[in-house]
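Undergrad: Next comes the sequence, and after it the predicted model I'd like to discuss.
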Amino acid sequence: MKKLHIAATDETPEVHFDPHDGSISLRGTSMSEDPMGFYEPLESWMTEFVESAPGIVDAEIHLTYFNSTSAKRIFHLLLQLEDIKFSGGKVHVVWKYNDGDELMQMKGEEIADMLEIPVKLVKAE
Amino acid sequence: MDFRLLGELYGELHDDNFCFFYRGQFSDHITSQLFNISESKFADNKSKNKIRKKVNFLMVECIQNIERHGIAEPDHDPTLGFFSLRSQGDHFFLTSCNIVQTNIIEKLQSNLDQVNELDPDELKNLYKAVLGKGELSDKGGAGLGIIEMARKSSGKLDYEFVRINESLSYFYLQLSLSTERELNIEGIPLKDSIRYHRLMLESDVHFIYAGLFTNETIKPIAHTLEQNISLSSNKEKSRILFHVLIELMQNISKYAKTSEHGKEGIFTIRNADHSYEIHSANPVNRESMDRLSEIIDRVNSADMDELDYMYRSEMKKTNTEESSAGLGFIDIARTTQHKLEYMFDTIADERTYMIKVSV
């Protein structure tokens, strides 16, 4: 499986998915009006990754803004990680938000509450 | 601002290719975002490169004029001004307004009249002369600014002074530009812009935009307003406002009825007591009308716990497109903790949907 690296734009986040060390990260903004085009390849990558039954996965999400349609795509991406836990792997998700950004903190708490894998909320320095 | 006024404004402005009106502080950041709104309008049309450069140039001159010559009074922030850009057919109209001291009006007026008398060659010579000597104005080159505006625009500089009190007046300046080599453009009278400025002052409106809603336009508008709000209010409110702005504008660009140009609508923001009100309107077709009413009524009848439940179940659905508008409205209602007000009306022969959100 290949690494997936996509540079950030004004409206899509930086993507860094590494199947070898199990690190997954999304950083930046996600406010595309139609985020499907962006998230579809990410979800396909994730399906293949999950099928390879990785042992340890560290995911880090650090977003400064995302719109409601992106929220759904990000949630579904993280939802895929639950299968790793069910197949015996270990998954850690860190949800970073900027200091004082209550909106992104609240969104993180919500998503954490909806997932069955541990999500640690961390204030970014 | 209410739906009646919003409808009237949209009726008047919907024929413009696009227009925006901004009232407030002019920081460098806001200026560059206003710039981006205007830029986004030329993004797909290279043949308009020449006029684009002129519009940009004049925009900068107008805004610098507001920044440099607005005067500091206890009740009047020197950087509080007004700027509007309207595009109709092949023409562009730029209007700026700032507050000046009454005792400089006579001098300013004579400078403007002098510049208006001159033909292009004479303007060029005057420009060179002033560049050398720095006459006409003793305050950082207003003279040069005015001469440059006259050289780069089509036709005369249109101006007016409107008295505020004994010592202060509003100074309005309007420039016209055309892609055609026309000298005298029949267009928007300056008194129209004055009327819009007054309307914005009276109802505390900061921003009006009408025209196409595309991704390229939405971002700079949201950033302009986020910046404007964060200058005067708490950071958290400006974050929520930014979110609501993006959701509402993306709704227009997705769900408005497509006209021959694309997805069009109008959008305004006003400062109410400790809150902000966003109004938008756009044409819709019959099916969208029924769907919008159904979704918004459902969201409005839910309490916070029910909204929370609705949000979670929408998030968990695997479908990709269908429910996204619903998710947007649920999210707006949850983050703002306000009911969404909406109505349908016929504006310019089109079935139009109007919504108001308070933040």
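TA: That came in fine, so what should we check first?
Undergrad: How many neighbouring residues does the residue lying closest to B:Arg52 once chain neighbours are set aside have?
TA: Among residues not flanking B:Arg52 along the chain, B:Phe42 sits closest, at 4.2 Å (CB to CB, 6 or more residues apart in numbering or on different chains). All C-beta atoms are positioned from the backbone trio N, CA, C, and that covers glycine. Other residues within reach of B:Phe42, judged by other CB atoms under 10 Å in any protein chain shown, total 16.
Undergrad: now B:Phe42, what's its secondary structure?
TA: coil (DSSP: H, G, I helix; E, B strand; the rest coil).
Undergrad: need the contact list for it.
TA: Contacts for B:Phe42 were tallied using CB atoms under 8 Å, 6 or more residues apart in numbering or on different chains; they are B:Lys48, B:Asn49, B:Ile51, B:Arg52, B:Val55.
Undergrad: Show me which residues of the stretch 201-350 of chain B sit near chain A.
TA: Residues of the stretch 201-350 of chain B lying close to chain A (CB under 8 Å from any CB of the partner chain) are B:215, B:218-219, B:235-236, B:239-240, B:242-243, B:246-247, B:250, B:253-254, B:311-312, B:314-316, B:318, B:320-321, B:324, B:327-328, B:331, B:335.
Undergrad: filter these to the buried ones?
TA: Neighbour-count burial within these applies to B:215, B:218-219, B:239-240, B:242-243, B:246-247, B:250, B:253-254, B:311, B:314-315, B:320, B:324, B:327-328, B:331, B:335; the criterion is 16 or more other CB atoms under 10 Å in any protein chain shown.
Undergrad: Looking at those, which are in helices?
TA: Among those, the members falling in helices are B:215, B:218-219, B:239-240, B:242-243, B:246-247, B:250, B:253-254, B:311, B:314-315, B:324, B:327-328, B:331, B:335 (criterion: DSSP state H).
Undergrad: anything in the longest strand belonging to chain A near chain B?
TA: Counting residues, the longest strand in chain A under DSSP state E turns out to be strand A:56-66. Yes. Legend: contact between strand A:56-66 and chain B by CB under 8 Å from any CB is shown at A:Tyr65.
Undergrad: who does that strand touch, helix- and strand-wise?
TA: Applying 3 or more CB pairs under 8 Å, 6 or more residues apart in numbering or on different chains; DSSP states H and E, one finds that strand A:56-66 contacts strand A:23-30, helix A:68-86, strand A:90-98, helix A:102-114.
Undergrad: strands paired with the first one, and their directions?
TA: Read that as strand A:23-30. Strands flanking strand A:23-30 in the sheet, each with its direction: strand A:14-18 (antiparallel), strand A:56-66 (parallel) (DSSP bridges).
Undergrad: Show me the contact partners of that strand.
TA: With contact meaning CB under 8 Å, 6+ apart, strand A:23-30 is reached by A:8, A:10-18, A:38, A:57-67, A:70, A:73-74, A:81.
Undergrad: Next, find the distance separating the residue nearest to A:Glu125 when sequence neighbours are not counted from chain B.
TA: Setting aside the residues directly before and after it, A:Glu125 is nearest to A:Asp99 in space (CB to CB, 6+ apart), at 7.7 Å. When distances are taken as CB to the nearest CB, to the nearest Å, A:Asp99 and chain B turn out to be 11 Å apart.
Undergrad: residues in contact with A:Asp99?
TA: By CB under 8 Å, 6+ apart, the contact list for A:Asp99 reads A:Lys123, A:Ala124, A:Glu125.
Undergrad: Just confirm the second one contacts A:Gly100, I think it does.
TA: No. Look at A:Ala124 against A:Gly100 with CB atoms under 8 Å: they stay out of range, at 10.4 Å.
Undergrad: Chain B contacts on chain A?
TA: Counting by CB under 8 Å from any CB, chain A comes close to chain B at A:10-11, A:31-33, A:36, A:65, A:67-69, A:71-72, A:75-76, A:100-103, A:110, A:114.
Undergrad: correct me, but B:Cys97 touches B:Cys62?
TA: No. In terms of CB under 8 Å, B:Cys97 does not count as a neighbour of B:Cys62; the distance is 9.5 Å.
Undergrad: Report the set of residues contacting both of those two.
TA: Taking CB under 8 Å, 6+ apart as the criterion, B:Cys97 and B:Cys62 both touch B:Phe83, B:Leu173.
Undergrad: and the closest residue to B:Asn215 other than its chain neighbours, how many neighbours?
TA: Ranked by CB to CB, 6+ apart and with sequence neighbours excluded, the top spatial neighbour of B:Asn215 is A:Glu33, at 5.5 Å. As a burial measure, the neighbour count of A:Glu33 was computed by other CB under 10 Å and equals 19.
Undergrad: what do you get for A:His16?
TA: Neighbour number of A:His16 under other CB under 10 Å is 16.
Undergrad: So the residue of chain A most remote from its centre, which state does it fall into?
TA: Most distant from the centre of chain A: A:Gly100, at 21.1 Å, with distances by CA atoms, centre = their mean. Under the three-state scheme (three-state DSSP), A:Gly100 adopts coil.
Undergrad: same question, A:Glu11
TA: coil.
Undergrad: in the stretch 251-359 of chain B, what spans have low per-residue confidence?
TA: For the stretch 251-359 of chain B, applying pLDDT under 70 flags the ranges B:320-325.
Undergrad: so what's the residue farthest from the centre of chain A closest to, chain neighbours aside?
TA: B:Lys235 (6.1 Å).
Undergrad: what does the model give the one you found for pLDDT?
TA: For B:Lys235, the pLDDT comes out at 73.
Undergrad: And for B:Pro78?
TA: Turning to B:Pro78, the model gives it a pLDDT of 53.
Undergrad: Please apply the same query to B:Pro74.
TA: 50.
Undergrad: dump the residue contacts of residue 3.
TA: Let's take chain A. Contacts were defined as CB under 8 Å, 6+ apart; by that measure A:Lys3 touches A:His16, A:Phe17, A:Asp18, A:Pro19, A:His20.
Undergrad: Chain B, not that one
TA: B:His279, B:Glu341, B:Met343, B:Asp345, B:Met354, B:Lys356.
Undergrad: now those residues: which count as buried?
TA: Applying 16+ other CB under 10 Å to the contacts of B:Phe3, the neighbour count classes B:His279, B:Glu341, B:Asp345, B:Met354, B:Lys356 as buried.
Undergrad: Return the alpha-carbon coordinates of the helix or strand encompassing the third one using PDB.
TA: Mapping B:Asp345 onto the secondary structure by DSSP states H and E places it in strand B:341-347. In PDB, the C-alpha atoms belonging to strand B:341-347 read as follows (Å, rounded to 0.1, in the frame of the first residue of the first chain):
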ATOM      1  CA  GLU B 341     -37.000  32.700  10.200                       C
ATOM      2  CA  TYR B 342     -38.000  32.300   6.600                       C
ATOM      3  CA  MET B 343     -40.600  33.300   4.000                       C
ATOM      4  CA  PHE B 344     -41.400  33.000   0.300                       C
ATOM      5  CA  ASP B 345     -42.300  36.000  -1.900                       C
ATOM      6  CA  THR B 346     -42.300  36.900  -5.600                       C
ATOM      7  CA  ILE B 347     -39.500  39.200  -6.400                       C
END
